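Engineer: Sharing a sequence plus its predicted fold:
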Amino acid sequence: MTVKDRYEIVLDNIKKACERSGRNPEDITLISVTKTHGAELINEAIDAGAKDIGENKAQELCNKYDDVKPVRWHFIGHLQTNKVKTIIDKVVMIHSVDSDKLASEIDKRAKSSGVVMDILVEINIGMEDSKSGATEEEARDLIKKIRDEYQNLRVRGLMCVPPITDNPENSRRYFRKLKDIFESIKELSEDEYFDTLSMGMSGDYEVAIEEGATVVRVGTAIFGAREYR
């Protein structure tokens, strides 16, 4: 099965999930996640219609960047502060901001580059020691500080990675919880830019859409198994 075939299956599944939940497929952004996959496969996805590409590692993004056709790049993995400068001029959104230290560095680099960077605050929704992300309380405090102090950042919403499971239904309660947090922050802030809920990956993106995701991050279902070297 080709990348194009798998990409079209994912699009069809998104459409079906939207039909089940009374949503418009046009309101869902599909990010094709390219971790460990080379430029040739990424370009196949772009030829199939992919407009948004997600990368987990800064060095990998930079290595591929010049060989990939024009596309919107998203940074979706854990980002070290010393790597911010390498991607600030390449991505349209950073999905994984979970600390004031990182937010401050992104703001500084964005200001130097003359851009306003769209970001998402990552919440560790399963409270797992092995995962990055802020607690709900930390996220609320961080969002307030960013809005008050950082002129070159724009908080667009929230992101999460729920605990790994073989049954996508097990992710539903985590997605529902993040949606509730998202709605409460949006209601209190009345921020017109706070409109993005990034949740759901290859194994559970349909459930995520049913629970309110506006962005899904799908890798294996499009590109096949990752090629670790």
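Structural biologist: Perfect, I can see it now. Numbering: from 1, shown residues only.
Engineer: and the one helix or strand Glu44 maps to, what other elements does it pack with?
Structural biologist: Under the criterion DSSP states H and E, the helix or strand holding Glu44 is helix 39-48. Using 3 or more Cβ pairs under 8 Å, 6 or more residues apart in numbering; DSSP states H and E as the contact test, the elements touching helix 39-48 are helix 3-21, strand 52-55, helix 220-223. Yep, even glycine has a C-beta here, placed from its N, CA and C like the rest.
Engineer: ok, the residue lying closest to Val97 once chain neighbours are set aside - contacts?
Structural biologist: The shortest distance from Val97 to any residue other than its chain neighbours is 4.7 Å, reached at Ile119 (Cβ to Cβ, 6 or more residues apart in numbering). Listed by Cβ atoms under 8 Å, 6 or more residues apart in numbering, the contact set of Ile119 reads Met93, Ile94, His95, Val97, Ala103, Ile106, Ile146, Leu153, Arg154, Val155, Arg156.
Engineer: which SS state does Ile119 fall under?
Structural biologist: strand (DSSP: H, G, I helix; E, B strand; the rest coil).
Engineer: separation between it and Val84?
Structural biologist: From Ile119 over to Val84 the distance is 11 Å, taken as Cβ to Cβ, to the nearest Å.
Engineer: Looking at the helices and strands packed on helix 39-48, which one is packed in the most?
Structural biologist: Stretch with highest mean neighbour count among the helices and strands packed on helix 39-48: strand 52-55 (a mean of 23; mean count of other Cβ atoms under 10 Å).
Engineer: list the residues that contact both of Ile119 and Val84?
Structural biologist: Taking Cβ under 8 Å, 6+ apart as the criterion, Ile119 and Val84 both touch Ile106.
Engineer: So which residues of this protein form helices?
Structural biologist: Using DSSP state H, the helices of the chain run over residues 3-21, 39-48, 58-65, 84-87, 100-113, 136-149, 172-189, 205-210, 220-223.
Engineer: Select, out of the ones you listed, the one closest to Asp129.
Structural biologist: Closest to Asp129 of the helices of the chain, according to Cβ to Cβ: helix 136-149, at 15.1 Å.
Engineer: can you tell me the average pLDDT over the closest one?
Structural biologist: Per-residue pLDDT values over helix 136-149 give a mean of 95.
Engineer: so who does Leu41 touch?
Structural biologist: For Leu41, the contacting residues are Val3, Thr34, Phe223, by Cβ under 8 Å, 6+ apart.
Engineer: Pretty sure the first one sits against Ile46.
Structural biologist: No. Between Val3 and Ile46 no contact is recorded; they are 9.6 Å apart, counting by Cβ atoms under 8 Å.
Engineer: How far off centre is the helix or strand of the chain with the lowest mean pLDDT?
Structural biologist: Lowest by mean pLDDT, DSSP states H and E among the helices and strands of the chain is helix 172-189, with a mean of 93. What separates the centre of helix 172-189 from the centre of its chain is 16 Å, taken as Cα atoms, centre = their mean, to the nearest Å.
Engineer: Could you figure out how far it is turned away from helix 136-149?
Structural biologist: Relative orientation of helix 172-189 versus helix 136-149 (axes from the mean of the first three to the mean of the last three Cα atoms, to 10 degrees): 30 degrees.
Engineer: residues of helix 172-189 that come out buried?
Structural biologist: By neighbour count with 16 or more other Cβ atoms under 10 Å, helix 172-189 contains the buried residues Arg172, Tyr174, Phe175, Lys177, Leu178, Lys179, Ile181, Phe182, Ile185, Lys186.
Engineer: again with stretch 151-166
Structural biologist: Neighbour-count burial for stretch 151-166 flags Asn152, Leu153, Arg154, Val155, Arg156, Gly157, Leu158, Met159, Cys160, Val161, Pro162 (criterion: 16+ other Cβ under 10 Å).
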